[in-house]
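**Student:** Got a predicted model here, sequence first, then my questions.
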Amino acid sequence: MPLYCSMKILEGLAGVTFPATKGELLEYAKQHDAPEAAVVMLNQLDETTFQDVGDMCHNAGIACSIETAEALAETEFPAAKDRLIAVARLHHASEAVLLALQALPEGLLFGSIEDVCNEVM
């Protein structure tokens, strides 16, 4: 399951009925006081109908990995988690990207954007 569909986010959407559109998911999240991270993730989704939670998470992962790659495009590798977060903040990355980077394991050096995206997904 992509990082963007963490337990905290899924708990915020507990009880949602599928299939559901992006708008329906956002409305449900707002009505049920879902965490801000869930709303941020949902805003990244394509304008489509999702058949199930896996479909939604897959779409969120694709959107966010593209955003992650864009936010880290000028990073010098190898880079540790703290450096990745600093570069992403410098490039005004979305909260979803920052949350994903903050969840990366400590103590690793990432050799490329692909290494980061593989860990995030």
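**Tutor:** Okay, I see it.
**Student:** switch to C-alpha atoms for all contacts and neighbour counts from now on
**Tutor:** Fine.
**Student:** Mark out where each domain of this protein begins and ends.
**Tutor:** 3-63, 68-120 (automatic domain parsing).
**Student:** and those as TSV, adding mean pLDDT?
**Tutor:** TSV is the format used below for those (pLDDT from 0 to 100):
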stretch	mean pLDDT
domain 3-63	83
domain 68-120	87
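**Student:** Including mean neighbour count, could those domains go into CSV?
**Tutor:** Listed next are the domains of the chain as CSV, based on neighbours: other CA atoms under 10 Å:
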stretch, mean neighbour count
domain 3-63, 17
domain 68-120, 17
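**Student:** what packs against the helix or strand harbouring residue 97?
**Tutor:** Using DSSP states H and E, residue 97 falls within helix 95-102. When contacts are defined as 3 or more CA pairs under 8 Å, 6 or more residues apart in numbering; DSSP states H and E, helix 95-102 packs onto helix 36-43, helix 53-71, helix 81-90.
**Student:** Residue 100: which of those is closest?
**Tutor:** Smallest distance to residue 100 across the helices and strands packed on helix 95-102 (CA to CA): 8.6 Å, for helix 53-71.
**Student:** who are the neighbours of that closest one, in terms of helices and strands?
**Tutor:** helix 81-90, helix 95-102, helix 113-120.
**Student:** okay, the longest one in CSV with CA atoms only?
**Tutor:** Extracted C-alpha coordinates of helix 81-90, given in CSV (Å, rounded to 0.1, in the frame of the first residue of the first chain):
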residue,chain,number,x,y,z
LYS,A,81,16.3,12.0,4.7
ASP,A,82,17.0,15.4,6.3
ARG,A,83,18.5,16.8,3.1
LEU,A,84,15.6,15.5,1.0
ILE,A,85,13.1,17.3,3.3
ALA,A,86,15.1,20.5,3.2
VAL,A,87,15.3,20.5,-0.6
ALA,A,88,11.5,19.7,-0.9
ARG,A,89,10.7,22.6,1.4
LEU,A,90,12.9,24.9,-0.6
